[in-house]
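*Asks:* Need a 3D model of the following:
(2 chains)
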Amino acid sequence: MGQLEVHAFDALIVGAGGAGLYAALRASGRVRTAVLSKVHPLRSHTGAAQGGIGAALGNVEEDKPEWHAFDTVKGGDYLVDQGAAVTLAEDAVRAVVELENWGLPFSRTSDGRIDQRRFGGHTRDFGQTPVRRSCYAGDRTGHMILQTLYQQCLKNGVAFFSEFQVVDVLVEGARCCGVVVLEIATGRLHVFRAKAVLFATGGFGRMFRVTSNAFANTGDGPAVLARRGVPLEDMEFFQFHPTGLRGLGILITEAVRGEGGVLLNRMNERFMEKYSPRLLDLAPRDIVARAIVTELRAGRGVKGDGSADDYVWLDARAIGKEALEAKLPDISGFCRTYLGLDPAADPIPVLPTAHYAMGGVPTDIDGRVRADAAGGFYEGLYAAGECACVSVHGANRLGTNSLVDLVVFGRRAGDHLATFAAGADLPEPHGELGGEAQAWLESILSGRQGPHPADLRDEMERTMTEKVGVFRAGAEMAAALEKIKELRAACHSVGLADRGRAFNYELLDLLELGNLLDLAMVTAASALNRRESRGAHAREDYPERDDAQWLKHTLAWLDGDQVILDALPVDLARWAPAPRTY
Amino acid sequence: MRVILLVRRRPPSPEGLEDEFGRYEVEVESHERLLDALVRVSRRDDPTLAFRRSCGHGVCGSDAMVINGRERLACKTLIRDLVDKDGDLVVVEPLRNLPVLKDLVVDQEDFLAAYRAVKPFLIAPEAEGGKERPQTSRERAAYENATNCILCGSCYSACLMLRAGKPFLGPAAVAQAFRFNEDSRDRGFEARLEALDKPKGIWPCESKAECTKACPRGLQVARQINDTKRRITRYKTLHEKA
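*Replies:* Numbering: from 1, shown residues only, chains lettered A, B, ... in the order given. Predicted coordinates for the structure are as follows:
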């Protein structure tokens, strides 16, 4: 073992996807900044985003940020903080132009401007008809954003520490002082002290069995923070994307439907006509995911037997071969590679796949992390991107708004953090730095006997998928919560077979599993607590939205094997909640 | 179905640098990816097996490796395709031309340093405040193919010049120089010559085109290298006349 290496920076950014890189760009010119990432920045999951980034440029038809903000609020079933949604929509326009100026290869209109296409829930005139708002680069929009931001970071000499896994955060009262990280290449722990820390670690879809998320999406930031007393907001709201490739969960972008693809059941009925007469296949994702599961349950899936691997068709044939290759080349490639089919000739078998966490670390619009329900904030602690909850997605995120969130709030958090760090002293943490993490690491590598982590992971994934999925009910969620508690207890006594230190992926797997179980427990407890249906949280025992009781954010604290719950008011300053019909 | 994986193992320490092959029999569904089989081995049979992984569907570039002698992404390689072609014995090795750190994990620093050296970012005068720079679809098409690079390192591994020890920048770095040089918004061609136009730059390439064959993202790497060579030659000819 031996001494931990201690580093000191003005600003630390944990995570190098879209939000982390944008923040790094803004901060690195002003204060000494380091970016820590568990994978090389170019491997970050932002790169997997496909369909587009919404911004009311109005390049192909009339559009306004105000309409974008309204769609975001309504799409989130009115659990969105409305001022934050306005910021999202207004800043989106500037951010997209900035990305273009940095060289992002957007697809273009015939007159050479950024092209835009339709996406679910994005409308003109407060919900009237679909509008072309999604700016895109083929179906590789996230890849291009990640590349462009990383290129700019290289140009600006940002300091990266790649393959460093965060394991703990140093917090003294309400002051963040730094992080403890594991260097994957050596198995050594490092302490990074800093005046300000931003967490931008992404999502945690890996708690589910079928997911579009990367192996790396294990919620490391929110879990590490929650274990040190930071609350988590709206964790019950998890998005299931309607169209994952059957059996694999690989994302098939909503842009397929934006370009004219339709969903069909076994009778070749365009079933979305029943569920969303106005927006049809371009209804928001929660509605489409529920429609698919409802069709399957009624025996109208392609197999028709209601089995777990039954599916529906996504028919993209009307788009035509040429447009598919030009506008959706990766999707066409995925279909060929994984299913051996050509979407220009054959319908695509799809099923909902766990996709996006609306909830996360509670922040204001500058990324500052909330400490309580009374308006208190941590000092020097920030979060942005999928791991954060501003909240601009409320109970259900609209397509394209994840990329908007990254660039808008990554940028804002980077600015605020740099200003803060420029005027702050390096805080002095008490006690032995990283001592607890070091003791844990030594014990875990000492060859103790315990349950097999792979069994625990399988059970977690199965439990969350079956009991905290698209449709939910009290008894099932209660059972899930108990099961997750058992798995957590068992996880604390796991032993490792690999006792080496260099590139010990079993150790990494275990750290990730511990993080996922913590977040799964908060998710199940928050979901069980919310006795209504809203957005992605659809309860069969409470099928209606209940604004009188539940138009409020959940705030949840991890406390041993308990979850403590409180509520935060929703900013409703602009639009009064109305029934959500499409 | 059952397949046998032979995975080249390398201990992480400098002592005992003796490679050996781990032999694993794995039960897989025929539609599964090689990555699924490797994950199963590492979670169930041999937790010491090291390999990088992330997105699982061919867009992040983490799991490039040499599979049955060819560079591939493990997550984009279906077991059934391997078995149909080569039988149920699958040989898995780390990328070539890069130092191995442990098992299938290579040190990508040389590869990434070459990438950084070509200034892989837009070099252009400030855009007019708050406005996008127009670009026609035809102008975009001139470089679009090269934007699909995920820097997985497959081309670097397959390059015969690098294998022969020639001091070449490597295919991906040149492809990324091409990506910006051919972008109608870019003015950085001369700035990139510093890395490209020298004996250790673009010139050792002999156009064997193994890079294009190895690319899992369909980049026309060899063509982009040749186009870049021609553009440099043209530039120098004009420059010398002037």
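*Asks:* Which single residue in chain A comes nearest to chain B?
*Replies:* With CB to the nearest CB as the measure, residue A:103 is the residue of chain A nearest to chain B, at 3.0 Å. Backbone N, C-alpha and C define where each C-beta goes, glycine included.
*Asks:* OK, contacts around that residue?
*Replies:* By CB atoms under 8 Å, 6 or more residues apart in numbering or on different chains, the residues touching residue A:103 are A:148, A:151, B:121, B:122, B:124, B:180, B:183, B:185, B:186.
*Asks:* pLDDT wise, what is it at?
*Replies:* If you check residue A:103, the pLDDT there is 97.
*Asks:* same thing with residue A:3?
*Replies:* You'll see residue A:3 listed with a pLDDT of 69.
*Asks:* and if you look at residue B:10?
*Replies:* 89.
*Asks:* Alpha carbons only: can I get the helix or strand containing residue A:160 in PDB?
*Replies:* Assigned by DSSP states H and E, residue A:160 belongs to strand A:159-162. Extracted as PDB, the C-alpha positions of strand A:159-162 are listed here (Å, rounded to 0.1, in the frame of the first residue of the first chain):
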ATOM      1  CA  ALA A 159      -5.300  18.400 -18.300                       C
ATOM      2  CA  PHE A 160      -6.800  14.900 -18.300                       C
ATOM      3  CA  PHE A 161      -6.400  12.000 -15.900                       C
ATOM      4  CA  SER A 162      -7.900   9.100 -17.900                       C
END
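*Asks:* and the following helix or strand past that strand, is it in reach of chain B?
*Replies:* Later in the chain than strand A:159-162, the nearest helix or strand by DSSP H and E is strand A:164-172. No - against chain B, strand A:164-172 shows no contacts by CB under 8 Å from any CB of the partner chain, the least distance being 13.0 Å.
*Asks:* buried set for strand A:164-172?
*Replies:* Residues of strand A:164-172 classed as buried: A:164, A:165, A:166, A:167, A:168, A:169, A:170, A:171 (neighbour count, 16 or more other CB atoms under 10 Å in any protein chain shown).
*Asks:* pLDDT added to those, as a markdown table?
*Replies:* Output for these, formatted as a markdown table (pLDDT from 0 to 100):
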| residue | pLDDT |
| --- | --- |
| A:164 | 98 |
| A:165 | 98 |
| A:166 | 98 |
| A:167 | 97 |
| A:168 | 97 |
| A:169 | 97 |
| A:170 | 97 |
| A:171 | 96 |
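*Asks:* pLDDT below threshold where in the chain?
*Replies:* You didn't say which chain, so I picked chain A. Within chain A, the segments meeting pLDDT under 70 span A:1-3, A:448.
*Asks:* think we crossed wires, I meant chain B
*Replies:* B:13-18, B:242.
*Asks:* I'd like to check which residues are in contact with the residue in it that chain A sits nearest to.
*Replies:* Among the residues of chain B, residue B:122 lies closest to chain A, at 3.0 Å counting by CB to the nearest CB. If you count contacts by CB under 8 Å, 6+ apart, residue B:122 has them with A:102, A:103, A:151, B:180, B:183, B:185, B:186, B:188.
*Asks:* at 10 Å instead, please
*Replies:* By CB atoms under 10 Å, 6 or more residues apart in numbering or on different chains, the contact list for residue B:122 reads A:100-105, A:148, A:151-152, A:155, B:133, B:179-180, B:183, B:185-188.
*Asks:* What of residue A:25?
*Replies:* A:33, A:98, A:102, A:149-150, A:152-153, A:155-156, A:158, A:410-411, A:414.
*Asks:* hang on, the earlier thing: most surrounded residue in the contacts of residue A:103?
*Replies:* residue B:180 (26 neighbours; other CB atoms under 10 Å in any protein chain shown).
*Asks:* Tell me if the host helix or strand of that one is near chain A.
*Replies:* Element membership of residue B:180, judged by DSSP H and E, is helix B:171-181. Yes - interface with chain A: helix B:171-181 contributes B:176, B:179, B:180 (CB under 10 Å from any CB of the partner chain).
*Asks:* is it true that residue A:181 touches residue A:162?
*Replies:* No - applying CB atoms under 10 Å, one finds residue A:181 not in contact with residue A:162, separated by 11.4 Å.
*Asks:* where do the contact lists of these two overlap?
*Replies:* A:36, A:38.
*Asks:* ok, these two, which is more surrounded?
*Replies:* residue A:181 (27 against 20).
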